[in-house]
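K.L.:
Show me the folded form of this:
(one chain, ligands or ions: 1)
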Amino acid sequence: MIHYSCDMCGKVIQTEEELRYVVKIEVYPADDVEEENEEFDALKDDLAEFNLEDDKEQEEGSDDGDDMEYKTLRFDLCPECHKAYVRDPLFVKSYRSRFFDN
Ligand SMILES: [Zn+2]
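P.N.:
So this is what the prediction gives:
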């Protein structure tokens, strides 16, 4: 049997007795540059030609680059933390209170 623990408070979630909540977060750059795409693609082709000799190096580094661009995060939450999380999903309130409510 799989035991889950809450990613916020660390408590073990008793799935027979309480609900486990899953939070999935996707972070990626918005595709807001449609008008420039043609130009950008041409530029990319130029760069690809220019960088042919560096292909190996690029491949090695590409994983890190992709991680920066697109990220999915998944968290398990206990019912109490779920309640707190949906009230302040990006922790904006606690972030603000830390800096502005001295
Ligand atoms: Zn919790």
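K.L.:
Go ahead and confirm Ser5 touches Thr15.
P.N.:
No - under the criterion of CB atoms under 8 Å, Ser5 is not in contact with Thr15, lying 11.0 Å apart. In short, each C-beta sits where N, CA and C put it, glycine included.
K.L.:
is it true that Lys71 touches Glu26?
P.N.:
Yes - the criterion here is CB under 8 Å, and Lys71 meets it with Glu26 at 7.4 Å.
K.L.:
neighbour-wise, which of these two wins?
P.N.:
More crowded of Lys71 and Glu26, by other CB atoms under 10 Å: Lys71, with 11 against 8.
K.L.:
ok, what's across the strand from that one?
P.N.:
Val27 (DSSP bridges).
K.L.:
Please list all residues in contact with it.
P.N.:
Lys71 makes contact with Ile25, Glu26, Val27, Tyr28, according to CB atoms under 8 Å, 6 or more residues apart in numbering.
K.L.:
Determine the number of other residues adjacent to the third one.
P.N.:
Pointing back at Val27 there. 10.
K.L.:
where along this protein do the strands fall?
P.N.:
4-5, 12-13, 21-27, 71-77 (DSSP state E).
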